[in-house]
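Visitor: Need coordinates for the following:
(one chain, ligands or ions: 1)
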Amino acid sequence: MSICEFKFSSREQMLNALYEHTLEILETGIKHNAQVSLFLSGGSTPGPLYKALAEAPLDWEKVAVALVDERWVAADHNASNEKLIGETLLAGTAQPIFTGMKNAADTATDGLTECENAYRALPEPYAVSLLGMGPDGHTASLFPYAEGLADALDTQNTCAAIYPTKSDVTGEYVERMSMTPSALLNSQRLILIITGDDKWDVYQQAKRAEDVQAMPVALFLQQDKTPIDVYWAP
Ligand SMILES: O=C(O)[C@H](O)[C@@H](O)[C@H](O)[C@H](O)COP(=O)(O)O
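Guide: The predicted structure follows:
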């Protein structure tokens, strides 16, 4: 298990450290490769990091940015992760090539082939994927016992349509597209960003979890293929 844990006394300190670390990873990546990919999650935590990265002095045209997951809503919908990236990372001086997940298909299942083709065209190496975690142990849109999760855990595809059971954690939007573990573990590095004591406890449980379908984040914590850094703040 190659986990490095970084605990901070404030979110501001955590976000500053995440900025420096993400930038260093990208700078190294584009020094040794024509292009790299950066994968970003949604949620309530990473917005300030994305806003800071929007002003980072980096050769952004060498960085392809794409989503770790998406709610199957219009790109201008308040629940859209594409909207979140548009209002943060893409709202500054940074002008990376962005690839969203949502397309014109009515459902995530119908949109899967087009999404998969778009993601297979993304440049390698996948320099880093930024992940969050829900209090239920989900990460990306890999929700516990969700419809489509078992297939997503097995496939070598990059993307999977996931339909979690609606809960306080999923919120309203339970039609999801997610990168698969196979694709995420193809990253050179994973960074998991968690906040609060409750999520720290969930994280500790996930490190020991025996049923990955019960806590999908466990899959990333109990593997030794891809280094994973865990960032925590109160
Ligand atoms: O689309 C999403 O909502 C995210 O990809 C999701 O996996 C998120 O990372 C976690 O739910 C943690 O979210 P917080 O940042 O709010 O803790």
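
Visitor: This structure: helices as residue ranges?
Guide: Here the chain has its helices, by DSSP state H, at 11-32, 47-53, 81-87, 108-120, 149-154, 181-184, 197-208, 218-221.

Visitor: what about those, which gets the closest to the ligand?
Guide: Taking C-beta to the nearest ligand atom, helix 81-87 is the member of these nearest to the ligand, at 5.2 Å. C-beta: built from backbone N, CA, C; applies to glycine.

Visitor: If you count contacts, what does the closest one end up packed against?
Guide: Applying 3 or more C-beta pairs under 8 Å, 6 or more residues apart in numbering; DSSP states H and E, one finds that helix 81-87 contacts helix 47-53, strand 63-67, strand 69-71, strand 97-99.

Visitor: Repeat the analysis, applying 10 Å as the threshold.
Guide: strand 36-40, helix 47-53, strand 63-67, strand 69-71, strand 97-99 (3 or more C-beta pairs under 10 Å, 6 or more residues apart in numbering; DSSP states H and E).

Visitor: Tell me which of those is the most buried.
Guide: strand 69-71 (a mean of 27; mean count of other C-beta atoms under 10 Å).

Visitor: From the chain's centroid, how far away is it?
Guide: 9 Å (C-alpha atoms, centre = their mean, to the nearest Å).

Visitor: where's residue 123 relative to the ligand, distance?
Guide: 22 Å (C-beta to the nearest ligand atom, to the nearest Å).

Visitor: pLDDT value on the closest residue to that residue other than its chain neighbours, please?
Guide: Distances taken as C-beta to C-beta, 6 or more residues apart in numbering place residue 35 nearest to residue 123, at 3.9 Å, with adjacent residues excluded. Predicted confidence (pLDDT) for residue 35: 98.

Visitor: Contact partners for residue 35?
Guide: 29, 59, 61-64, 96-97, 122-125, 127 (C-beta atoms under 10 Å, 6 or more residues apart in numbering).

Visitor: Spell out which parts of this structure neighbour the ligand.
Guide: Where the chain comes near the ligand, counting by C-beta under 6 Å from any ligand atom, the residues are 41-45, 68-69, 81, 132-134, 138-140.

Visitor: try it again with 5 Å
Guide: 41, 42, 43, 44, 45, 69, 132, 134 (C-beta under 5 Å from any ligand atom).

Visitor: Which one (most neighbours) among those?
Guide: Among those, residue 69 has the most neighbours (other C-beta atoms under 10 Å), with 26 neighbours.

Visitor: Against residue 20, how distant is that one?
Guide: Distance of residue 69 to residue 20, computed by C-beta to C-beta, to the nearest Å: 25 Å.

Visitor: ok, now residue 199?
Guide: For residue 199, the distance to residue 20 - C-beta to C-beta - is 22 Å.

Visitor: Which one's more surrounded, those two?
Guide: residue 199 (20 against 12).

Visitor: hmm, back to that, and the contacts of residue 35, which are buried?
Guide: Buried members of the contacts of residue 35, scored by 16 or more other C-beta atoms under 10 Å, are 29, 62, 63, 64, 96, 122, 123, 127.
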